[in-house]
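# Provided below are the primary sequence and the corresponding predicted coordinates.
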Amino acid sequence: MSVVSLADVEAQARGIMSEAAWAFVAEGSGDGWTLGENRRAFNDFPIVPRRLRGVDGASVSLGVRLLGHDLPYPILVAPSGVHLFVHPTAEAATAGGAGRAGALYTASGASTLPLEAIAQATTGPKWFQSYVNSDTGVTRDILLRAKNAGYTAIVLTADALGPGMSDHFVRLGMPFPPGMTFGNNDPRDGGRGNFLDQRTALTLDDIGTIGSLTGLPVVVKGIMRGSDARDAVSAGAAAVQVSNHGGRQIDGVPASVSVLSEVVDAVGGSVPVLLDGGIRRGVDVFRALALGATAVATARPILFGAAVGGAAGVAAVLERLRDELHHTMLLAGTQAVGDISRGCLRGMAA
Ligand SMILES: Cc1cc2nc3c(=O)[nH]c(=O)nc-3n(C[C@H](O)[C@H](O)[C@H](O)COP(=O)(O)O)c2cc1C
């Protein structure tokens with residue numbers, strides 16, 4: 001499948017997806033202000049190219065090192081739930097596509113398939129995103145299963161303390177796909193408990209608890225302020241992910257890219273900083289890297305890719321973003337990811 005722009009894939013997906021799937025996947029909470037900001041705010045950071053720098057297009061280097069993985073390019077699959085909405089094979093399609101494209105895949109704790117089946121579907125590196133169940137034993141079981149299945153980090157989502165849904169999806173009566181279960185809790189696959197029974201009273205101590213239970217690095221996702229990032233690192237976070245959950249939780253918060261440099265400055269290079277929210281172009285990836293992100297993650301484009309072309313669609317979306325980043329680096333005068341700094345953006349000191 002060939003992709004000219006992620007916007008094309010989104011438009012194709014819109015023609016294929018049911019109204020319910022579109023309302024669940026594409027739309028945001030409240031008035032959708034944050035959802036819109038996640039795209040618009042990239043325009044606050046225009047790129048100012050460097051010329052005549054001898055950048056060799058054939059050897060532009062996109063590789064980055066992240067928590068022990070050498071990634072071929074700094075674009076990850078962000079966790080998103082219920083892939084049955086977009087493809088009959090659900091996360092097997094999205095994880096399979098990520099593997100084909102060599103991208104790190106983050107499996108959502110709210111997946112349709114159990115985490116073991118998702119682990120088998122990708123040949124690439126993989127992280128597991130955890131929700132925290134009110135029953136401590138349920139969370140423990142799932143985290144240990146994730147470790148046994150070969151996931152190499154746990155992503156603790158800190159910003160989803162209740163259902164994140166568009167008004168449109170609620171108005172439709174919250175029509176989840178018929179017969180769907182949350183795979184990690186399904187007794188037929190060794191699970192237990194009620195996925196929807198989540199503990200909202202999360203604290204910084206949860207970071208250490210997850211880290212010592214699994215022995216895996218913990219990435220705290222949903223950070224929107226520098227002080228929270230610093231506290232998470234002091235509590236043992238191995239990385240932080242700047243995110244507003246794609247504008248699906250609290251509406252009225254800034255775009256994730258608007259708070260990125262505050263978070264980067266707060267952690268001062270002590271841990272990697274990731275960013276998700278509104279990444280649709282290679283120039284968006286470039287701007288996030290320039291502001292100090294180690295890598296970015298993307299969710300909706302992956303789901304649109306799966307809706308249009310299954311695993312091949314997902315791989316094509318990731319490869320298109322990668323190729324756009326390559327082209328942007330060449331045109332901006334940067335040979336390697338390490339050359340991308342704030343000085344590449346207008347009005348910012350390097
Ligand atoms: C349909 C959908 C489901 C999501 N489910 C989860 C989830 O289960 N866990 C989580 O941490 N984030 C979830 N997210 C948020 C994404 O990880 C990510 O923060 C956000 O969507 C990034 O913005 P983008 O969609 O513009 O790339 C979900 C996003 C979407 C679109």
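Yep, it's here. Numbers count the residues shown, from 1 in each chain.
# CA only for contacts and neighbour counts going forward, please
Fine.
# Give me the nearest residue to Q198, chain neighbours excluded.
Using Cα to Cα, 6 or more residues apart in numbering and skipping residues adjacent in sequence, the residue nearest Q198 is N133, 4.3 Å away.
# I meant D284, not that one.
F42 (6.4 Å).
# Quick one: residues contacting that neighbour.
Counting by Cα atoms under 8 Å, 6 or more residues apart in numbering, F42 makes contact with V257, D284, R287.
# May I ask you to confirm that V308 belongs to a helix?
Yes - assignment of V308 by DSSP: H, G, I helix; E, B strand; the rest coil places it within a helix.
# Can you report how many residues neighbour it?
Counted with other Cα atoms under 10 Å, the neighbours of V308 add up to 24.
# My guess is it contacts A11. True?
No - V308 is beyond contact range of A11, at 9.7 Å (criterion: Cα atoms under 8 Å).
# And the residue nearest to D284, what's its pLDDT?
Looking at F42, its pLDDT stands at 98.
# Wait, a helix at it?
Yes - F42: assigned to a helix according to three-state DSSP.
# burial of the closest residue in space to H83 that isn't next to it in sequence, as a residue count?
Leaving aside its sequence neighbours, H83 sits nearest to A90 (Cα to Cα, 6+ apart; 4.4 Å). Each residue near A90 was counted by other Cα under 10 Å, and the total is 23.
# go on, T298?
Residues contacting T298 under the criterion other Cα under 10 Å number 22.
# OK, contacts around the residue nearest the centre of the chain?
Compute the mean C-alpha point of the chain, and by Cα atoms, centre = their mean the closest residue is A78, 2.0 Å away. The contact partners of A78, by Cα under 8 Å, 6+ apart, come to Y105, T106, A107, D276, A297, T298, A299.
# coming back round to it: please list all residues in contact with the residue nearest to Q198.
Going by Cα under 8 Å, 6+ apart, N133 touches T139, F195, L196, D197, Q198, R199.
# Which ones among these lie within helices?
Among these, the residues falling in helices (DSSP state H) are T139.
# any idea how far the ligand is from A201?
Noted for A201: a distance of 16 Å to the ligand, by Cα to the nearest ligand atom, to the nearest Å.
# again, but for E319
E319 is 15 Å from the ligand, by Cα to the nearest ligand atom.
# The helix or strand containing that residue - contacts with which helices or strands?
Secondary structure assigned from DSSP states H and E places E319 in helix 300-332. Applying 3 or more Cα pairs under 8 Å, 6 or more residues apart in numbering; DSSP states H and E, one finds that helix 300-332 contacts helix 6-16, strand 75-77, helix 91-101, helix 282-290.
# The ligand is nearest to which of those?
For these, the distance to the ligand is smallest for strand 75-77, at 8.1 Å, taking Cα to the nearest ligand atom.
# would TSV of the helices and strands packed on helix 300-332 with mean pLDDT be doable?
TSV is the format used below for these (pLDDT from 0 to 100):
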stretch	mean pLDDT
helix 6-16	98
strand 75-77	99
helix 91-101	98
helix 282-290	98
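# Save these as a markdown table, and put in distance to the ligand and mean neighbour count too.
As requested, the helices and strands packed on helix 300-332 are exported to a markdown table (distance: least, Cα to the nearest ligand atom, whole Å; neighbours: other Cα atoms under 10 Å):
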| stretch | distance to the ligand | mean neighbour count |
| --- | --- | --- |
| helix 6-16 | 11 | 17 |
| strand 75-77 | 8 | 26 |
| helix 91-101 | 12 | 27 |
| helix 282-290 | 11 | 24 |
